[in-house]
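Peer 1: Sharing a sequence plus its predicted fold:
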Amino acid sequence: MMRILAIDYGLRRIGLATTNGVLPYPWGVIVNNIKGIKTINTLCKTHQIEKLVIGLPEGKLASKVKNFGQSLSQKTSLPVEFQDETLTTQESIAKMVEAGKKRKVRKQKQDAFAAALILQKYLQKNV
């Protein structure tokens with residue numbers, strides 16, 4: 001099974017998720033800065049990631065996400081694919097509410113859960 005890292009790009013935070021076989025799971029949230037890019041690069045090497053899947057929003061943020069993906073592909077030497085991320089953040093919050101997660105936990109982890117949903121959509125479409 002291919003090792004994929006999914007990314008929920010945000011201007012301040014980046015949510016990360018990966019696969020454990022066929023099930024996506026939230027990995028964590030990092031700050032969107034130069035150090036964050038280095039963290040992703042290190043994570044890819046450490047966990048032998050073979051592909052990056054980045055959530056692609058609609059609207060103004062889409063071009064920033066595409067530029068980020070291009071930059072990340074150059075830095076990691078990994079292929080990048082984009083996956084529609086419409087409503088993934090709202091869906092991730094709803095699932096955490098359903099699971100009884102406290103507001104503070106939801107705020108901290110929503111981007112990682114959104115990345116897991118992006119990865120789940122990608123896997124359903126491509127596997």
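Peer 2: Received the coordinates, thanks.
Peer 1: so who does K101 touch?
Peer 2: K109 (Cβ atoms under 8 Å, 6 or more residues apart in numbering). C-beta coordinates here come from the backbone N, C-alpha and C atoms, glycine included.
Peer 1: Can I take it that it is in a helix?
Peer 2: No - using DSSP: H, G, I helix; E, B strand; the rest coil, the assignment for K101 is coil, not a helix.
Peer 1: Backbone dihedrals for it, both of them.
Peer 2: Here the main-chain torsion angles of K101 (degrees, to the nearest 10) amount to phi -70, psi 140.
Peer 1: From Q110, how far off is it?
Peer 2: To Q110, K101 is 9 Å away according to Cβ to Cβ, to the nearest Å.
Peer 1: what do you get for Q48?
Peer 2: Distance from Q48 to Q110, by Cβ to Cβ: 27 Å.
Peer 1: quick one: which of those two has more around it?
Peer 2: The residue with more neighbours, out of Q48 and Q110, is Q110; 24 against 7, by other Cβ atoms under 10 Å.
Peer 1: Just the pLDDT at the more buried one, thanks.
Peer 2: Per-residue confidence (pLDDT) for Q110: 74.
Peer 1: and it, helix, strand or coil?
Peer 2: At Q110 the chain is in helix, as set by three-state DSSP.
Peer 1: Surely it touches G10?
Peer 2: No - with contacts counted by Cβ atoms under 8 Å, Q110 stays clear of G10, the gap being 9.9 Å.
Peer 1: Check the residue of the chain positioned farthest from its centre and give its pLDDT.
Peer 2: Among the residues of the chain, the one whose C-alpha is farthest from the average of all C-alpha positions is G100, by Cα atoms, centre = their mean at 22.7 Å. At G100 the predicted local confidence, pLDDT, stands at 71.
Peer 1: Now it. Its backbone dihedrals?
Peer 2: Taking degrees, to the nearest 10 as the convention, G100 sits at phi 80, psi 20.
Peer 1: could you measure it against E91, distance?
Peer 2: Distance, G100 to E91, using Cβ to Cβ: 17 Å.
Peer 1: That concludes my questions; thank you for your assistance.
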